[in-house]
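J.: Next come a sequence and a model predicted from it.
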Amino acid sequence: MTQSLTSHQPVRSWVRSANDHPDFSLLNLPLGVFRVAGESPRGGVAIGDSVLDLRVAVDAGLFVEVEQGLAAKAAALAAGSQLNAFFALGKHARVQFRQALLALLEEGSVYQVRMEALGEALLRPMSLCEMLLPARIGDYTDFYVGINHAMNVGKLFRPDNPLLPNYKYVPIGYHGRASTIAVSGATFHRPKGQTLPAGQTVPVFGPSKKLDFELELGIWIGSGNQVGQAIPISEAADHIGGFCLLNDWSARDVQAWEYQPLGPFLSKSFATTVSPWIISPEALAPFRKAQPSRPEGDPEPLDYLLDHKDQAEGAYDIELEVLLLTERMAAEGMEPEVICRSNTLNMYWTVAQMVTHHSVNGCQLQSGDLFGSGTLSGKEEGEFGSLLELTHGGKEALQLANGERRTFLEDGDVIVLRARCHAEGGGSIGFGECRGKVLPAC
Ligand SMILES: O=C(O)/C=C/C(=O)CC(=O)CC(=O)O
Ligand SMILES: [Ca+2]
Ligand SMILES: [Mg+2]
């Protein structure tokens with residue numbers, strides 16, 4: 001039986017926990033890869049307190065029944081243990097897959113009785129699901145489009161010349177390390193490296209003393225491009241596969257010594273943490289905004305980076321938070337403490353501009369590649385997306401509610417990133433957590 005699919009957005013689901021869920025209502029439907037003990041990894045969709053098991057849904061023939069175009073093919077690929085092939089299908093198939101999910105899960109769906117009969121085999125309790133990295137990440141590039149961060153860090157590293165003259169022409173980035181990207185919940189050991197003690201000319205080797213986090217938006221590449229074929233700015237948004245949160249852990253003392261002239265190297269390659277759910281561009285569409293205008297006197301982007309549609313709706317209004325949980329707080333049963341609130345509107349370049357710039361020289365982007373936005377700090381105290389900024393270079397310690405103080409991260413510290421968008425007519429969507437813990441150097 002084929003149900004006619006419309007582009008309307010139902011709000012209520014027969015999955016009760018989804019209704020009014022702040023993160024995973026029908027408005028969201030993010031895709032991830034999970035494992036339940038004793039079973040193979042597979043794709044799933046977050047819905048309320050459950051994960052819709054796509055392998056079970058596909059095997060039950062549900063997507064064939066609601067079939068519209070590519071939805072069943074997309075569902076079969078999304079059920080796999082890595083989502084690269086799903087990403088490669090591109091935007092059109094993803095939109096049809098989303099429409100099919102809505103038809104299956106909306107209140108009054110003709111599929112409700114059959115789906116309910118599958119019980120917890122189909123709707124897995126989220127608390128039993130271990131989330132995994134959703135794709136094989138071929139390449140990871142970290143941008144620097146948070147202009148407030150660029151300015152703040154620039155002042156600390158280069159007081160005379162905080163924002164270099166290329167910043168307002170080039171979406172600056174560096175090639176990160178894909179091999180050490182881990183999913184939320186990961187731990188990592190404090191990195192060791194070379195640092196230059198104050199007033200010295202010869203470096204020492206040892207554990208970093210200035211370990212930091214960075215609050216970033218992660219961007220998954222959907223369909224890629226052929227080597228040599230740049231992605232025009234007017235098509236760039238169609239190459240975005242989805243979004244997550246990303247923590248680009250950084251050893252500031254290693255960074256300060258190593259970064260000239262080629263940029264960050266070992267100061268950032270030891271660990272990067274991402275949130276597990278891929279938030280689709282369709283779910284984020286209601287939260288698109290005009291790109292904030294450039295301050296008076298700033299140059300226009302060069303033509304290849306300028307598109308009127310992108311300027312009109314290429315920015316996103318996503319509220320961001322960073323929380324810290326120290327070992328002592330955890331032992332005392334305390335909740336993590338918010339140490340930063342910011343927003344993705346602090347990006348100087350749009351995601352489409354990042355995609356186009358990355359490919360303009362013919363560089364190939366592949367499905368499942370990952371971008372970091374760069375650290376998304378606001379302008380005010382309390383809105384800074386790294387400890388380097390929150391503590392003014394380590395000079396003014398953060399005072400925590402339980403009396404502890406932090407300049408940089410200590411062993412046992414946990415950093416949690418969160419993000420949420422609030423819809424105008426009520427309702428919200430959330431990204432889920434990006435959580436990581438610092439272990440002692442080994
Ligand atoms: O040299 C600088 O000004 C700083 C560079 C970085 O910290 C690189 C980075 O990760 C950029 C970012 O997250 O915004
Ligand atoms: Ca970064
Ligand atoms: Mg990193």
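T.: Thanks, I have it. Ligands and ions are numbered 1, 2, ... in the order given.

J.: Residue numbers of the stretch 101-250 of the chain in contact with ligand 3?
T.: Counting by CB under 5 Å from the ion, the stretch 101-250 of the chain comes close to ligand 3 at Asp248. For every residue, glycine as well, the C-beta is placed using N, CA and C.

J.: domains in the chain, as residue ranges please.
T.: Following automatic domain parsing, one gets these domains for the chain: 16-132, 140-315+346-379.

J.: can I get those in TSV with distance to ligand 2, mean neighbour count and mean pLDDT?
T.: Output for those, formatted as TSV (distance: least, CB to the ion, whole Å; neighbours: other CB atoms under 10 Å; pLDDT from 0 to 100):
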stretch	distance to ligand 2	mean neighbour count	mean pLDDT
domain 16-132	23	19	96
domain 140-315+346-379	3	19	97
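
J.: Format the ones you listed as CSV; extra columns: distance to Gly425.
T.: Below are the domains of the chain laid out as CSV (distance: least, CB to CB, whole Å):
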stretch, distance to Gly425
domain 16-132, 11
domain 140-315+346-379, 9
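
J.: Ser428 is nearest to which of these?
T.: domain 16-132 (5.2 Å; CB to CB).

J.: what's the residue of the stretch 1-150 of the chain found nearest ligand 3 in contact with, if anything?
T.: Using CB to the ion, the single residue of the stretch 1-150 of the chain nearest to ligand 3 is Asp142, 7.0 Å away. By CB atoms under 8 Å, 6 or more residues apart in numbering, the residues touching Asp142 are Gly173, Tyr174, Gly176, Glu216, Asp248, Pro264, Lys268, Phe371, Gly372, Gly374.

J.: Ala283 now?
T.: Leu27, Asn28, Leu29, Pro30, Ile429.

J.: closest to Ala441 out of the domains of the chain?
T.: The nearest among the domains of the chain, by CB to CB, is domain 140-315+346-379 at 3.7 Å.

J.: touching ligand 1 at all, the closest one?
T.: Yes. With CB under 6 Å from any ligand atom as the criterion, ligand 1 is reached by domain 140-315+346-379 at 142, 144, 146, 149, 153-154, 157, 214, 248, 259, 264, 374-375.

J.: Would you agree Thr273 is in contact with Thr187?
T.: No. Look at Thr273 against Thr187 with CB atoms under 8 Å: they stay out of range, at 9.7 Å.

J.: what about stretch 205-215, how long is it end to end?
T.: One end of stretch 205-215 sits 27 Å from the other (CA to CA, to the nearest Å).

J.: ok and the residue in the stretch 51-200 of the chain nearest ligand 3?
T.: Gly176 (5.9 Å).

J.: Which residues are in contact with that residue?
T.: Tyr140, Thr141, Asp142, Asp248, Lys268, Ser269, Thr272, Gly372.
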